[in-house]
Each structure stands twice: as structure tokens, then as C-alpha cells.
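[1] Provide a 3D model corresponding to the input given below.
(2 chains)
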Number of protein chains: 2
Amino acid sequence: MIEKLRDLSQRFDLCCINTGTLGYREPIAITANRIAEAGFKWITPWRQEVDERNPQLAADAIRSAGLKVSSYCRTTYFGGNTTTERKTAIADNTLALEVAATLGASSFVAVVGGLASESTDVEADRQHIRDGLSALMPVIRSTGVRIALEPLHPFYAANRSLLNTIDQAMDWCLELDPKGECFDIAVDAYHVWWDPNLSQSIQRASSRINAFHVCDWLRNTQEPLLDRGMMGDGVIQLQKMRSILESCGYQGLVEVEIFSRDNWWKVDPSEVLRTCADRLRSVC
Amino acid sequence: MIEKLRDLSQRFDLCCINTGTLGYREPIAITANRIAEAGFKWITPWRQEVDERNPQLAADAIRSAGLKVSSYCRTTYFGGNTTTERKTAIADNTLALEVAATLGASSFVAVVGGLASESTDVEADRQHIRDGLSALMPVIRSTGVRIALEPLHPFYAANRSLLNTIDQAMDWCLELDPKGECFDIAVDAYHVWWDPNLSQSIQRASSRINAFHVCDWLRNTQEPLLDRGMMGDGVIQLQKMRSILESCGYQGLVEVEIFSRDNWWKVDPSEVLRTCADRLRSVC
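    Okay, the predicted model is just below:
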């Protein structure tokens, strides 16, 4: 399969930096310039970096740096103990879709949320999440910004995401949006590498997969949120996973997203980006 | 479904204590007596509590306490970087099956192991694991002790288990042992509660499920190995899961297995057992 892979070594127009990789340490204008100086063409910013009352400022800064926005991170959790809480989440995500449109993003990443804080009802809360996603479909159509459902590692089921496998994401896509007008799937290697059904689920979902996020799973990690590894420092066979995706027709970006509080977030941002570039060439 | 549930409140002959719940703090004879005094009839001991050169000692102590042994915990990991390492694991697991037979256990629990320490090849390592399980089939037949494949939470895929879902365990059962002579499946609520395919996978695997382990997933747990909660203190709908199992024909034990280094392992063992009894009655 490997010979089918697109050559990333000269194609940084195919690579994207998710700003989470740099730890949100600097204003978005500086971050965007660093990413552009490192040779990348695409950025995925986070909401806390954008003044959502005036997103044109961030849009201008990113454009001035010479970058394009791939996706915007991320949804407010859709769960909630009450109808009011869930409506508030929908309103907030509506605003964010409009901001994403201003930024020129084609995709808004959904981290759907775990159990509501007073709930243990997995099925009911999953339904609330799907109801919230469904309520956004008119806004998706009007803004032109699609939502990318990102399955998160099962470790986060209780408190971050009740969407945990590619297969489940595809089930939701087919249920909510059979024509494929609104929802895509973001595949993050960190969240799905363990899945015994990985190849089959990628194949089944291939028409909807619109993002591939890379980092690495450190072999003896104890902290599943902010201890992600740099590509090549862990156990994920990233090139193999990309070859599966591309053999199923994936032509999208390879996006680096590393949350690493005690390691990479303490390294000089330009050094982080140089390392990302090296590793994208050598192990992705 | 709930009305189909067996009544645990007066049926501690249906309940088992896995000694991991008490933190292996005392000799097996004392632990067995405590478990019996708390009213339970079944015990699942761990290998570090048993002198495997003379397992009759532990067998006698457990029998003297009035308990029966349900399962024996657990396999040495089957993975390995070399043929020699993998053969050593098979030899060790052969010994343990013989010990399990001496203890009167009908089942030996398999925690199959993650990636070999120098490997990142998930598929090759899964094959090595299946090869190791397959090599034990003659010993399973001769000892009469079956192996219970326990899918572990995907968090452990790298370093503890490349077997992570009930569906995957059933696939392995059907591949290795289509006639059902050697391998069963142990379902631990902690490992599988998040699975979007939970009900269907239980139904599909129902002919092989021979154990149901309970504890709880603490809502904001940060430590996935030794921070398990007491039943009722977390988010798992244990009674619902048991009702699914029993509606699919499960008639086996309900086994308490709580690894809780900083909480329950510091509580007086008899108090832990009283709490287990209360919670088995009220929330399981």
C-alpha cells in the first residue's frame, strides 16, 4: 500500500498545523506567522485564540501570514442536564459556525461532549447530542461551514465525548444526514489507532472522512489528555494509517495536533514546528 | 428488562470477590476468611497471593474458609519481541493453568498483553497473542480449566492488552475455537461500558460470556489503572448492563473487582467487603 502514498516531503501545502500543538502561548497573529515561516500553508485555530466578537481581526492576521484556515476548533459540548443548557450549547455553536465562516474555514470540529454532569444515561445523552447536531443543520447550510464529527478515545466517554469510534461517527452521519450535506468525520490517529475495526471502519466511512490528525501515543502514557507525543516518539503506525486512508480515497490534509503540557508546550514554538516538519517528512 | 434480573439481595451465592478489590494486603488465608465472613461464597484470587510451587496450600485455605474459586487471575502477557520470549509466556501460562486446576477454578483470566516492548506492529502482535492462546489449547483440555478472554479498555492497548472490545473477543473465540471447547469471554463493566456497540456485542457473544465484573468508572478519573470506583460511585449503569447480559442468557456470577490504590485499598478490608455487599444489593 505504501507506494500509493502521496509524498509529503515536498508537499507542505498538504500539511496543517493545529495551534493546540503550540500550546496557545502567543497571540494568533504571531502563531500564524511562525507556522507560515516554517513552510506550512494551513492552520487550524482554536476558539480561545480568536476574538469571536470581531473574528475579522484573526481572519486578517491569518491571511496576512499567508495561511489558509482548514478547520476551527471546537464545539461546545452538546450535552446538558436541562433543555435550557442544551439550547445554550446550540446557540454557542451557531455563533462559532458563523465565526468559522468569517475565518474562511470549511469545517468546524465537533467534540460532542460526554455525559451531562448529572446524568449516567449514555443512550439518552447520545440522543441529546444528536439532537443538538441536527439543530445546527440549517446554520451549516447557511454558513457553508460543515461540521466534522471527531470520535474521541473511549477514555473520554464520561466527560468529553460519547462519540468514540469511526463506525459510530459514520452511523451518526448516515442517520442525521444521509445525503452528506452537513457532517463529515475527522480521524485523529491518537483516538482510533487501537480500534480492532480500524481498516474496515475507515473504508466504510471513507466518503465522509475530511481530516486526518496526527501525533503519537506514548507507550506508557499515564495521562490521556495533555501527554500526546510527537509523531515518531510513540507506537502509532502513522504512515500505515495514512496509506489506508489514501487507498480509500482520502485526499485531504495531514494535520498535526499535539497536546503536550509538560514537554512540547515548553519548547520554543519555532523549534516545535521544525520538529513537526521533520517528522511529517520522515514518519507520517 | 429490569424485571428479568435475578435478585442479588439474598443471593450472595451469585456474587464473587476478586481479591484485587482488597489490594493483596493480607495472606490469602486471611483474605478468604474475610470474604466468607462477609457472606460471599466465591473468590477469584491473583497469582501473587498463591505459592505456585505448592498451590495446594492456597487451595486448602480457600476451602477451609468455605469458599469456592471462580477464576484465577491472570495470564502472563503473550506478546514478546522474540520467539523465546513468547514461548516463555506460554510455558508460564501452562503452569498457571495447572495451578488454577489445583485451586478448583474453572476459568483462568487472560489479560493478553499489549504491544511487545520493541514493536509497533499491532496486527503482528495480535497474531502472536492468538498464537500463544492457541498453543495453550491442549493444556486447557487436559486441565479442564478454560481461558476467559477479557477485553481491556482501549486505554491499555499499547502496554496491557491488544484485545479491547467484546466483539473482538468473540471474533477470536470463533477463529481459535469454533466449537467452544477452550475459550470464554469475561465482561468487565469498567472496560466496555463506553462501547457504542455494547448491547449488540453482548448479544452476539452471549454463548461465550462466562464472567461479569463490576466496579465503577469515576466521572473525572485521571488514572485508568488503579482509580476504579465502588459500584454506585461512578457513571456505569451496572444494573442495566446486567439486565442486558441476563436477558441474553447469562447465569454466571457477579464479581467485584476494584483496583483503588488511593481509596479502597486504604480502607479496612472488612469495611470494603461490607460496602461491596451493600452496593451489590442496591446498585448492581
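[2] A:Leu245 is in contact with A:Lys4, correct?
    No: A:Lys4 is not in contact with A:Leu245 according to Cβ atoms under 8 Å; the separation is 10.4 Å. Where C-beta positions appear, they are placed from N, C-alpha and C, glycine not excepted.
[3] So which of those two has more stuff around it?
    Of the pair A:Lys4 and A:Leu245, A:Leu245 is the one with more neighbours under other Cβ atoms under 10 Å in any protein chain shown, namely 22 against 9.
[4] Contacts only, for that one.
    If you count contacts by Cβ atoms under 8 Å, 6 or more residues apart in numbering or on different chains, A:Leu245 has them with A:187, A:202, A:206, A:209, A:212.
[5] Narrow the residues you listed to those in helices?
    Per DSSP state H, helices hold the following members of the contacts of A:Leu245: A:Ile202.
[6] Can you flag the buried ones in the contacts of A:Leu245?
    For the contacts of A:Leu245, a burial check counting by 16 or more other Cβ atoms under 10 Å in any protein chain shown picks out A:187, A:202, A:206, A:209, A:212.
[7] Hmm, the fourth one is touching A:Asp188, no?
    The reference is to A:Ile209. No: using Cβ under 8 Å, A:Ile209 makes no contact with A:Asp188, being 11.1 Å away.
[8] Now render the buried ones among the contacts of A:Leu245 as CSV, adding distance to A:Gln222.
    Output for the buried ones among the contacts of A:Leu245, formatted as CSV (distance: Cβ to Cβ, whole Å):
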residue, distance to A:Gln222
A:Val187, 25
A:Ile202, 28
A:Ser206, 34
A:Ile209, 30
A:Phe212, 26
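[9] Around chain B, which positions in chain A sit nearby?
    With the criterion set to Cβ under 8 Å from any Cβ of the partner chain, chain A comes near chain B through A:115, A:120-122, A:126, A:153-155, A:157-159, A:162, A:164-165, A:167-168, A:171, A:193-197, A:217, A:219-224, A:234-237.
[10] What's the ChimeraX syntax to select whichever of those residues are buried?
    This is how ChimeraX selects the buried members of the residues of chain A next to chain B, with burial counted by 16+ other Cβ under 10 Å:
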select /A:115,120,122,126,153,154,155,157,158,159,162,164,165,167,168,171,193,194,195,196,197,217,221,224,234,235,236,237
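[11] after the lengthiest helix in chain A comes which helix or strand?
    For chain A, the helix with the greatest residue count under DSSP H is helix A:83-103. As assigned by DSSP states H and E, the chain's next helix or strand after helix A:83-103 is strand A:107-110.
[12] could you say what helices and strands that next one packs with?
    Contact analysis of strand A:107-110 by 3 or more Cβ pairs under 8 Å, 6 or more residues apart in numbering or on different chains; DSSP states H and E lists strand A:71-73, helix A:83-103, strand A:146-149, strand A:183-188, strand A:209-214 as its packing neighbours.
[13] Please indicate which of the ones you listed has the most neighbours on average?
    Most buried of those, by mean neighbour count (mean count of other Cβ atoms under 10 Å in any protein chain shown): strand A:71-73, with a mean of 28.
[14] got the CA positions of stretch A:109-123 in CSV?
    What follows is stretch A:109-123, C-alpha atoms only, in CSV (Å, rounded to 0.1, in the frame of the first residue of the first chain):
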residue,chain,number,x,y,z
VAL,A,109,-14.7,20.3,14.6
ALA,A,110,-17.2,18.7,16.9
VAL,A,111,-16.1,17.3,20.2
VAL,A,112,-19.5,16.4,21.2
GLY,A,113,-19.3,16.1,24.9
GLY,A,114,-19.7,13.3,27.4
LEU,A,115,-22.4,12.5,29.9
ALA,A,116,-24.2,15.5,31.3
SER,A,117,-22.9,16.4,34.7
GLU,A,118,-25.9,14.9,36.5
SER,A,119,-26.5,12.0,34.1
THR,A,120,-25.4,8.4,33.8
ASP,A,121,-27.7,7.7,30.9
VAL,A,122,-25.4,7.0,27.9
GLU,A,123,-28.2,6.4,25.4
